[in-house]
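Engineer: got a structure for you, letters missing:
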């Protein structure tokens, strides 16, 4: 295998691992620790709740990976991810996110590595598949950190993530 192919494979494997094996268990632990009230709590009306962030992450993964990289139709209504005020149950939120990650993982597993530098339009941006995958991983990391912060705020304790 050429060095370029090895790098491409390593990049995609690391992206898949971070999403499935690092960020998702942290989010799950946060959901398990929080009450339903905590999941929909917001410090101010202009802030996003953890519930909104879960909807947003699922929407982002669907749009950028499943649709943008994988070619599935894009039906995202991004503004609704932030405007939702119903207390959607945690397991429904988790199911939406888990399904999006499982489908995105399947897209990434099957995606031809030689197409990583092909350009496509996602939202209104022209990006390579590599850029789209990188965007999703860093975006997911950012919002995972916000979910962790809200959980620590609401629980007032160390979450012991290195003991997972």
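Structural biologist: Great, that's in hand. The structure presented is a predicted model; accordingly, all values stated were derived computationally and were not measured.
Engineer: same question for stretch 59-73, mean pLDDT?
Structural biologist: Along stretch 59-73, the predicted confidence averages to a pLDDT of 97.
Engineer: repeat for stretch 20-40
Structural biologist: Mean pLDDT, computed over stretch 20-40, is 96.
Engineer: Work out the gap between it and the centre of the chain.
Structural biologist: Relative to the mean C-alpha coordinate of its chain, stretch 20-40 is positioned 13 Å out (CA atoms, centre = their mean, to the nearest Å).
Engineer: That stretch: end-to-end distance?
Structural biologist: Stretch 20-40 stretches 24 Å from its first residue to its last (CA to CA, to the nearest Å).
Engineer: for that stretch, which positions count as buried?
Structural biologist: Using 16 or more other CB atoms under 10 Å as the burial criterion, the residues of stretch 20-40 that qualify are 20, 22-24, 26-27, 29-31, 34, 38-40. Using the backbone N, CA and C atoms, a C-beta is placed for each residue, glycine as well.
Engineer: On the C-terminal side of the lowest-mean-pLDDT helix or strand in the chain, identify the next helix or strand.
Structural biologist: One helix or strand of the chain scores below all others by mean pLDDT, DSSP states H and E: helix 78-83, with a mean of 91. Past helix 78-83, heading to the C-terminal end, the next element that is a helix or strand (DSSP states H and E) is helix 90-110.
Engineer: How far away from the center of its chain is the helix or strand that comes right after that next one?
Structural biologist: Past helix 90-110, heading to the C-terminal end, the next element that is a helix or strand (DSSP H and E) is strand 119-122. With CA atoms, centre = their mean as the basis, strand 119-122 stands 19 Å off its chain's centre.
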